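Q: return atomic coordinates for the entry below.
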Amino acid sequence: GYLRGLVALSPFRTVTPVAVPGFESGVTALASGYQRMCATFADGSASCFWFSTQAQTGLIPPVGAIASGFESVCAIGGDHAVRCSGSAGNGGLGDGSVMDRALPVEIAVSGEAAQLALGYDRGCVRTTTGAVECWGLHFGLILVGAEFTIATSTPVFVVPA
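A: As a prediction, this is how the structure comes out:
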C-alpha cells in the first residue's frame with residue numbers, strides 16, 4: 001500500500017458537489033478534518049486532499065483505518081501500528097514531541113490498534129484488548145501516574161484493558 005498522492009482542490013468553496021480526482025472508485029472509508037478529506041481504498045492505499053496549499057506527504061503501509069483531526073492524519077496499518085503526520089500542537093501527534101511531521105511517524109501504543117479517533121490537537125486509539133489510550137490536549141484534567149495534566153505528548157491509558 002502507499003499514499004496515492006495529494007490533490008489540491010480549487011476553488012476553496014463550492015456550493016455543489018465536485019468530483020475528486022483519484023476518488024472515483026474503490027473507496028472503502030472516509031475521514032474528514034479541517035480543510036482535508038482522506039480515504040482508504042480497496043487495495044490498502046490511502047489518499048488525502050486539502051482545500052489549501054498545506055500538504056502532508058509520505059508513505060503509509062497498507063491502511064486498515066484512517067482518521068483525520070484538526071491538522072493531523074493517523075492511520076492503522078496492516079500491522080496494527082498507528083502512524084500519524086501533520087501538526088503536533090499540544091503533543092497532538094502522540095510521538096513524544098511537539099514537532100510537526102510531514103512524514104508519518106509511529107505512535108507507541110500498548111498493543112494492536114483497532115480503532116482511531118482524532119480531534120483538535122488530540123487523538124485516541126482503542127486496542128484489540130479494549131484499552132483506550134489518548135494523547136495531546138485533554139479538555140479537562142486526566143490522571144497520569146500520580147499527577148493531573150491537561151496535555152500529554154505520548155499515549156496514556158484512559159481506559160485500561
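Q: Ser32 in helix, strand or coil?
A: strand (DSSP: H, G, I helix; E, B strand; the rest coil).
Q: excluding chain neighbours, give the residue nearest to it in space.
A: Ser68 (5.7 Å; Cβ to Cβ, 6 or more residues apart in numbering). Bear in mind the C-beta positions are built from the backbone N, C-alpha and C, glycine included.
Q: show the pLDDT at that neighbour.
A: Per-residue pLDDT puts Ser68 at 88.
Q: so who does it touch?
A: Ala31, Ser32, Gly33, Arg36, Met37, Cys38, Cys48, Leu118 (Cβ atoms under 8 Å, 6 or more residues apart in numbering).
Q: do Asp95 as well
A: Counted by Cβ under 8 Å, 6+ apart, Asp95 has contacts Cys84, Ala88, Arg101, Val105, Glu106, Ile107, Ala108, Ser153, Thr154.
Q: what's the closest of those residues to Cys74?
A: Cys84 (4.0 Å; Cβ to Cβ).
Q: what's the neighbour count on the closest one?
A: When neighbours are defined as other Cβ atoms under 10 Å, Cys84 has 27 of them.
Q: next: Tyr34.
A: Counted with other Cβ under 10 Å, Tyr34 comes out at 16.
Q: look up phi and psi at it.
A: phi -60, psi 120 (degrees, to the nearest 10).
Q: so it sits right up against Glu71, yeah?
A: Yes. Counting by Cβ atoms under 8 Å, Glu71 is a contact partner of Tyr34 at 6.0 Å.
Q: run through the bridge partners of Cys74.
A: Ala67, Cys84 (DSSP bridges).
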